[in-house]
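Q: no FASTA, just this:
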Ligand code: NAD
Ligand code: AKB
């Protein structure tokens with residue numbers, strides 16, 4: 001049985017990946033870790049949790065030894081918008097933190113999954129049908145760290161024969177955990193606002209087309225790649241994967257099919273708009289399809305329907321829990 005360490009397990013991807021991995025491999029075999037504590041107890045109650053900073057090599061070593069880790073999903077990172085306001089932190093976490101995890105994987109002979117992003121491309125990359133192997137000159141600190149990460153993973157595989165694997169994710173849409181400060185976050189926020197207030201003010205222009213994916217596809221892709229026969233892999237790290245491409249206006253139109261009163265307006269944030277303008281509209285993911293059988297299940301219509309259904313239920317549950325907590329704390333007369 002595998003012993004899996006997930007870093008960044010409290011984040012948008014890590015929180016969902018941890019619970020799916022625990023269902024698949026057993027609760028005690030999946031060690032969740034993050035620099036911050038989870039807001040609710042689910043991750044800590046359902047299996048081991050380590051409060052671990054990926055910038056602390058000694059702590060990483062202790063965790064690797066105590067739990068006898070053989071596989072790592074390294075998700076601890078700083079995302080694009082936060083990275084532009086804190087570039088030094090983005091470099092430290094995304095590059096030095098990754099280096100520490102690769103070193104730990106090398107010492108303890110682990111397989112390691114490391115995600116890259118559409119952010120690894122830049123203005124000089126073809127934005128339509130972005131090739132798997134193409135020019136990568138990103139304009140953001142996030143992008144610089146993502147290209148560095150791709151190269152580091154390639155290096156560790158070639159130099160030390162480490163089993164490194166990775167995907168270039170588009171913007172991810174999900175309803176469990178809110179996103180951590182990226183450029184594509186609008187595509188999640190819009191659903192919260194549509195359900196709660198039936199209106200949304202978008203920080204990207206109405207015609208900003210971006211590559212996107214629904215979280216269940218992203219989780220399936222990670223696990224499928226990690227389970228793929230290594231002999232079939234030519235690329236290994238940084239596979240383009242994609243599922244859908246849309247603009248804020250097209251997403252709003254799709255949401256109106258379920259919430260007809262929904263309205264959208266725009267107040268453009270120049271920093272996030274400048275980032276979005278250099279990111280792919282949609283990537284060519286034929287290498288992933290060919291080398292390990294990648295196939296998305298959710299398009300725009302299917303994702304929107306599921307998001308509205310799942311998020312409405314979650315917001316209703318959260319509201320009920322809040323009301324019952326407020327009731328519990330009332331002093332009996
Ligand atoms: P997130 O911001 O939601 O979660 C990242 C987690 O890392 C947070 O919980 C944070 O507390 C933790 N973290 C930060 N610094 C740390 C440190 N020093 N030590 C340990 N933990 C630390 O991010 P996410 O969306 O879950 O992204 C995970 C990975 O996937 C990142 O590498 C990101 O670049 C990549 N990715 C995400 C998306 C997306 O749309 N969510 C798209 C493309 C790529
Ligand atoms: C971000 O917007 O920073 C992330 C990403 C696409 O990498 N969601």
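A: Arrived safely, thanks for sending. Values in this document were obtained by computation on a predicted structure and should not be read as measured data. Residues are numbered from 1 along each chain as shown. Ligands and ions are numbered 1, 2, ... in the order given.
Q: pLDDT averaged over the helix or strand where residue 142 lies, what's the number?
A: Following DSSP states H and E, one finds residue 142 within helix 141-160. The pLDDT scores in helix 141-160 average 98.
Q: Check what contacts it and list those residues.
A: 78-80, 83-84, 87, 90-91, 94-95, 98-99, 102, 105-106, 112, 114, 116-117, 119-122, 136, 138, 162-164, 166, 236-238, 275 (CB atoms under 8 Å, 6 or more residues apart in numbering). For glycine as for every other residue, the C-beta is placed from the backbone atoms N, C-alpha and C.
Q: mind redoing it with 6 Å?
A: Residues outside helix 141-160 that contact it (CB atoms under 6 Å, 6 or more residues apart in numbering) are 80, 83, 87, 90-91, 94-95, 98, 102, 106, 114, 116-117, 119-120, 136, 138, 162, 164, 166, 236-238.
Q: where along this structure do the helices fall?
A: 12-25, 42-46, 57-67, 80-85, 87-91, 97-107, 141-160, 186-196, 215-227, 248-256, 270-277, 286-292, 300-328 (DSSP state H).
Q: between the ones you listed, which one is nearest to ligand 1?
A: helix 12-25 (3.6 Å; CB to the nearest ligand atom).
Q: leaving aside the residues next to it on the chain, what's closest to whichever residue of the stretch 101-250 of the chain sits closest to ligand 2?
A: Proximity of the stretch 101-250 of the chain to ligand 2 (CB to the nearest ligand atom) peaks at residue 182, 2.4 Å away. Counting by CB to CB, 6 or more residues apart in numbering, residue 182 lies nearest to residue 79, which is 3.9 Å off, once chain neighbours are set aside.
Q: now swap in residue 179 and tell me
A: That would be residue 185: by CB to CB, 6+ apart, it lies 4.3 Å from residue 179.
Q: ok, the residue nearest to residue 48 when sequence neighbours are not counted - how many residues close by?
A: Distances taken as CB to CB, 6+ apart place residue 31 nearest to residue 48, at 4.6 Å, with adjacent residues excluded. Using other CB atoms under 10 Å, residue 31 is surrounded by 25 other residues.
Q: In the helix holding residue 142, which residues are buried?
A: When burial is assessed from 16 or more other CB atoms under 10 Å, helix 141-160 yields the following buried residues: 141-150, 152-154, 156-157.
Q: Show the overlap between these and what lies near ligand 2.
A: Counting by CB under 6 Å from any ligand atom, residue 142 from those sit close to ligand 2.
Q: which of the buried residues of helix 141-160 sit farthest apart?
A: The largest separation in those, counting by CB to CB, is between 141 and 157 at 24.8 Å.
Q: For the stretch 51-200 of the chain, what lies in contact range of ligand 1?
A: 53-55, 75-77, 79, 93, 97, 115, 117, 169, 171-172, 179-180, 182, 184.
Q: surely residue 285 meets residue 238?
A: No. Counting by CB atoms under 6 Å, residue 238 is not a contact partner of residue 285; they are 11.6 Å apart.
Q: rewinding a little: which residues does the residue of the stretch 101-250 of the chain closest to ligand 2 contact?
A: 79-81.
Q: Most neighbours among these, please name it.
A: residue 80 (28 neighbours).
Q: What residues does that one make contact with?
A: Residue 80 touches 119, 140, 142, 182-183, 275, counting by CB under 6 Å, 6+ apart.
Q: ok, those vs residue 312, which is closest?
A: Within the set of these, residue 182 lies nearest residue 312; the separation is 23.6 Å, counting by CB to CB.
Q: how much space between that closest one and residue 11?
A: To residue 11, residue 182 is 11 Å away according to CB to CB, to the nearest Å.
Q: and the chain, which residues reach ligand 2?
A: Proximity of the chain to ligand 2 (CB under 6 Å from any ligand atom) is limited to residues 79-80, 117-119, 142, 171, 182-184.
Q: Now, those residues that are in strands?
A: 117, 171 (DSSP state E).
Q: now, the most widely separated pair of the residues of the chain next to ligand 2?
A: 142 and 171 (12.8 Å).
Q: Now do residue 52: how many residues are near it, please.
A: There are 20 residues near residue 52, going by other CB under 10 Å.
Q: same question, the one 3 residues further on
A: Each residue near residue 55 was counted by other CB under 10 Å, and the total is 16.
Q: quick one, what contacts the closest residue in space to it that isn't next to it in sequence?
A: Once flanking residues are discounted, residue 55 sits nearest to residue 97: 5.5 Å by CB to CB, 6+ apart. Taking CB under 6 Å, 6+ apart, we find residue 97 in contact with 54-55, 76.
Q: Can you give me the distance of residue 97 to ligand 2?
A: 16 Å (CB to the nearest ligand atom, to the nearest Å).
Q: now residue 35
A: 18 Å.
Q: Name all residues that make contact with that residue.
A: residue 53.
Q: run the last query once more with 10 Å
A: Counting by CB atoms under 10 Å, 6 or more residues apart in numbering, residue 35 touches 7-8, 10, 51-56, 76, 93, 97.
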